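Asker: give me a 3D structure for the following:
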Amino acid sequence: MTDSVPEGRVTAAEEAAAVEPEYDPAAPAALNVPRTPTGNAEVDAELDRLADADHLATDGHLEVYEDVHRGLRDALTALDARPGPPGPPVPGPARHPATTPLRGPSGHTF
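Answerer: Numbering: from 1, shown residues only. Okay, the predicted model is just below:
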C-alpha cells in the first residue's frame with residue numbers, strides 16, 4: 001500500500017488547512033474597541049482612522065497613531081483659532097485729550 005494520492009485529489013490535511021487557516025499570534029487582529037462619536041466631524045474622522053491600525057502589524061501602528069495625534073491637535077488648534085463674534089470693546093483708562101500723558105519712574109508713558 002502506498003501513501004501517494006492520485007493527481008488532482010486533495011488529502012484530508014490539505015483540505016483542513018484550506019478551510020481553517022493556521023493560527024498566527026503575531027498576525028494583525030482587530031481590537032474591536034468601541035468608539036463613541038464625539039459630535040465633532042473632524043475629531044470623529046481622526047478617531048475612525050485608528051481602525052486602520054487594526055489591519056497593520058505592530059510596527060505599523062506608530063505611523064497611524066502619530067497621524068491621528070497630529071489630526072486631533074490640528075482640530076483642537078482650529079477650535080481656538082476660529083473667529084467668533086466680536087466681543088465688547090475693552091475699556092481703557094479715560095483721559096481727556098488735553099491732559100499730559102502719565103509717565104512712570106522708568107519714563108514710559110501710560
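Asker: please enumerate the helices of this structure.
Answerer: 12-19, 41-49, 61-81 (DSSP state H).
Asker: let's have the ones you listed in a markdown table, adding mean pLDDT, mean neighbour count and distance to N32.
Answerer: All C-beta spots, glycine's among them, are computed from the backbone N, C-alpha and C. Listed next are the helices of the chain as a markdown table, based on pLDDT from 0 to 100; neighbours: other Cβ atoms under 10 Å; distance: least, Cβ to Cβ, whole Å:
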| stretch | mean pLDDT | mean neighbour count | distance to N32 |
| --- | --- | --- | --- |
| helix 12-19 | 62 | 9 | 24 |
| helix 41-49 | 91 | 15 | 14 |
| helix 61-81 | 91 | 12 | 16 |
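Asker: now distance to G104 too, for the ones you listed, in a markdown table please.
Answerer: Listed next are the helices of the chain as a markdown table, based on distance: least, Cβ to Cβ, whole Å:
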| stretch | distance to G104 |
| --- | --- |
| helix 12-19 | 87 |
| helix 41-49 | 47 |
| helix 61-81 | 34 |
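Asker: tell me who's in contact with the closest residue to N40 other than its chain neighbours.
Answerer: Spatially, and ignoring its direct neighbours in sequence, N40 is nearest to A75 (7.0 Å; Cβ to Cβ, 6 or more residues apart in numbering). With contact taken as Cβ atoms under 8 Å, 6 or more residues apart in numbering, A75 is in contact with 40, 42-43, 46.
Asker: try 7 Å
Answerer: 42-43, 46 (Cβ atoms under 7 Å, 6 or more residues apart in numbering).
Asker: and if you look at D54?
Answerer: 28, 30-31.
Asker: measure it to A75 for me?
Answerer: Going from D54 to A75 by Cβ to Cβ, to the nearest Å gives 22 Å.
Asker: ok, H69 next?
Answerer: 11 Å.
Asker: for P88, which of the helices of the chain is the nearest?
Answerer: Proximity to P88 (Cβ to Cβ) singles out helix 61-81 among the helices of the chain, at 20.2 Å.
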